[in-house]
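Novice: Coordinates only, no sequence provided:
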């Protein structure tokens, strides 16, 4: 028998829910359409039965990738396409998460029937829709089909604030990203306050970064939860190509300071990223080189603190930056208070040290030792 009616209402689709007949479960798992049709001919309601996880026979056959069974059962009862299991998955979502791309494409066509198209937009209990899962699992062609069928999929974000566009950028899917950028209200957020431009920066993709700057330039000024913008991330990751694209599109970005008040040149100093430091003056000749908070260190202070000797040498060999050796922090200390190696650098390049801080004796003592 097909079992007794239950009061379980966790599964969608507008059905009262029956316990699934074991014979139907076996047929769905094995892809036995013949047996399924025989059972349905005797009792059509048997197709509505569920198992404890909320799955119907169409979910089960989708898990196993039985395309013929799926199309056959949909012909008999197309409303099964709208059924949700306890994970909040439609059969389409189940097919995508199970990696059955061809089956998912076939099911997608089935959802075009009247009254079913909105089910394409269903999100699972973690807020992910079919497009999230298709992109995350690397199914680019399926993702493009989903976007074409239901552009509104692009507007959803999951519980981690991940949008399909962010995941596409993270996966370096340029074609998918470009399609999503064409949708005016598509979401572009990511976790931790990141956005799709930040993902392009992380991957060092200047082509995608340029496309984003052409369509959504304001993303370059959006700071993450730690106060860092995509531009400061480009400096930290030493992504010169992306850094150049951002500054070519808007050189004023080079003058902005993160929440901690540390200039981009100091961000480069932390990692010893000399190439990034060389790129900045090409677009911002007078880019900031002193922090605005805390001790207000110069970029040379920062380089010395992080033991970036080569970066310190770069500063001393750059005429417009050499002045930093004599600049003091809020305590009146120059870089020479931090480490004596800078004195050697100064001697090597012939820089004249005219100011060494408020306490000359302490510096001289440090140098002697």
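Specialist: Cool, the structure landed. Note that the structure is predicted; figures quoted are calculated from it, not measured.

Novice: secondary structure element for residue 55?
Specialist: Remark: residue 55 resides in no helix or strand, with elements defined by DSSP states H and E.

Novice: tell me the contacts of it?
Specialist: Under the criterion of CB atoms under 8 Å, 6 or more residues apart in numbering, the contact partners of residue 55 comprise 63, 85, 94. Backbone N, C-alpha and C define where each C-beta goes, glycine included.

Novice: Count the residues that sit near the last one.
Specialist: What that stands for is residue 94. Neighbour count of residue 94, defined by other CB atoms under 10 Å: 26.

Novice: ok now do it, which residues does it touch?
Specialist: Per CB under 8 Å, 6+ apart, neighbours of residue 94: 55, 59, 62, 63, 85.

Novice: per-residue confidence at it?
Specialist: The confidence metric pLDDT takes the value 98 at residue 94.

Novice: helix/strand/coil for it?
Specialist: Secondary structure for residue 94, judged by DSSP: H, G, I helix; E, B strand; the rest coil, is helix.

Novice: Now it: closest residue in space, sequence neighbours ignored.
Specialist: With CB to CB, 6 or more residues apart in numbering as the measure, residue 62 is the residue that lies nearest to residue 94, at 4.4 Å, once sequence neighbours are left out.

Novice: unless I'm mixing things up, that neighbour is touching residue 95, no?
Specialist: Yes - counting by CB atoms under 8 Å, residue 62 sits close enough to residue 95 to count as a contact (4.3 Å).

Novice: and the gap between residue 282 and residue 214?
Specialist: Plainly put, residue 282 is 21 Å away from residue 214 if you go by CB to CB, to the nearest Å.

Novice: neighbour count winner among these two?
Specialist: residue 282 (13 against 10).

Novice: Just give the closest residue to residue 76, not the sequence neighbours.
Specialist: Closest to residue 76 by CB to CB, 6+ apart is residue 40, at 5.4 Å.

Novice: what about that neighbour, which SS state?
Specialist: helix.

Novice: My guess is it contacts residue 46. True?
Specialist: Yes - using CB under 8 Å, residue 40 is in contact with residue 46, at 6.1 Å.

Novice: pLDDT (mean, whole number) over stretch 180-193?
Specialist: Stretch 180-193 carries an average pLDDT of 98.

Novice: on that earlier part again, between residue 40 and residue 46, tell me which one has more neighbours.
Specialist: More crowded of residue 40 and residue 46, by other CB under 10 Å: residue 46, with 21 against 18.
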